[in-house]
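J.: Okay, structure incoming, though there's no sequence with it:
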């Protein structure tokens, strides 16, 4: 009988020692992280030895660490480590603007953790306001109790990658020259020059390095040309800028005489655009005569003696524009 009593006493001492040891492990681990309330036992929860009241509920879970990553203007990732008790039932994220209160709840997932092991996880909070300080509370509960842990974070401010300060365009001998300046070009991958005619439909005509400050459009549209810029960030996002530069189309067109052509000679005189070549096209779409502006871009003379009488199309090709007019050959 004495031996049995000694044996039972030894088992009880061993179990108490094991419980105390577990308490110390959990208490020390949790004390090294964020503070929590209702933890008991120095932040480690309440240890109940199986069979000694409470039915073996185990250690109340607690959040040991909270960190934040993948910041954007409207989202953030919460990374957490939980030292669990048995049968953890719920994990909830409550958050709101600092000083306002916890106005949002984003449920986490349920799990059955192993005793005395850390549970690592993450949760993305979305729909946030840029450049705003938030307070976060993680609520963890189990059969052994509930614990809340708080932390704070601030979302990123909205930053336009390219701050465009000026945009201008002018006609030159080689084409329309577009110039721009910017105050900053943070994280800009490239700049795109876009052009539109009178239809106000912009299309890209050149993609340039982020350091570029000008571009020459060697083949502008006939008539007015409108230019604007867009930028592509390193993360793939794009921004289109409101500033628009205009290059007015040529007002003075080329002239030609006589019309009808009666003496076999047609004269074409350049307007604001220099002449390059002339084509005469019949109504079937075939070119029947042509001439080049070799030495004089201001004037071209073309012979029509070999043409049958009738109506033709006169194609005037300039350095920047091409126009088509109707002529009569007698």
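T.: That came through fine. Note that the coordinates shown come from a computational prediction; the quantities given were computed from them, not determined experimentally. Numbering: from 1, shown residues only.
J.: Helix, strand, or coil at residue 271?
T.: Residue 271 falls in the coil class when you classify it by DSSP: H, G, I helix; E, B strand; the rest coil.
J.: in the sheet, who's paired with residue 124?
T.: With DSSP bridges as the criterion, residue 124 is bridged to residue 77.
J.: My guess is it contacts residue 72. True?
T.: No: the criterion here is CB atoms under 8 Å, and residue 124 misses it with residue 72 at 10.0 Å. Quick note: C-beta positions are derived from backbone N, CA and C, even for glycine.
J.: Can you tell me how far residue 63 is from residue 79?
T.: 11 Å (CB to CB, to the nearest Å).
J.: neighbour-wise, which of residue 124 and residue 72 wins?
T.: Neighbours around residue 124 and residue 72, counted as other CB atoms under 10 Å, are more numerous at residue 72. The numbers are 14 against 10.
J.: Which pLDDT value goes with that one?
T.: Listed pLDDT for residue 72 reads 83.
J.: just checking, it touches residue 153?
T.: No: with contact defined as CB under 8 Å, residue 72 does not count as touching residue 153 (11.9 Å).
J.: What is the neighbour count of residue 78?
T.: Residue 78 has 22 neighbours, counted by other CB under 10 Å.
J.: Quick check, pLDDT for the closest residue in space to it that isn't next to it in sequence.
T.: Of all residues not flanking residue 78 in the chain, residue 123 sits nearest, at 4.8 Å (CB to CB, 6 or more residues apart in numbering). Looking at residue 123, its pLDDT reads 85.
J.: Repeat that for residue 107.
T.: We have a pLDDT of 53 for residue 107.
J.: Residues in a beta bridge with residue 196, which ones?
T.: Beta-bridge partners for residue 196, by DSSP bridges, are residue 226.
J.: Number of residues surrounding it?
T.: 17.
J.: How much space separates it from residue 205?
T.: According to CB to CB, residue 196 and residue 205 sit 10 Å apart.
J.: which residue is nearest the centroid of the chain?
T.: For the chain, the residue nearest the mean C-alpha position is residue 237 (2.2 Å; CA atoms, centre = their mean).
J.: Next, give phi and psi for residue 72.
T.: The phi and psi torsions at residue 72 (degrees, to the nearest 10) take the values phi -130, psi -170.
J.: Make 440 the starting number, not 1.
T.: From this message on, residue numbering opens at 440, which makes the last subject residue 511.
J.: List the contacts of it.
T.: Each residue near residue 511 by CB atoms under 8 Å, 6 or more residues apart in numbering is listed here: 594-595.
J.: go on, residue 570?
T.: By CB under 8 Å, 6+ apart, residue 570 lies in contact with 512, 593-597.
J.: so which helix or strand takes in it?
T.: For residue 570, there is no helix or strand it lies in under DSSP states H and E.
J.: ok, now residue 585?
T.: Here residue 585, judged by DSSP H and E, is contained in strand 584-593.
J.: contact partners of the following helix or strand past that strand?
T.: Moving toward the C-terminus from strand 584-593, the first helix or strand encountered (DSSP H and E) is strand 601-611. For strand 601-611, the surrounding residues in contact (CB under 8 Å, 6+ apart) are 615-625, 627, 630, 649, 655, 659, 664, 666-668, 670, 678, 680, 682-687, 759.
J.: Mind jotting down where the helices sit in this structure?
T.: Shown for the chain, the helices assigned by DSSP state H span residues 441-470.
J.: any weak-confidence spans in it?
T.: Within the chain, the stretches with pLDDT under 70 are 440-499, 523-528, 544-557, 597-600, 689-691.
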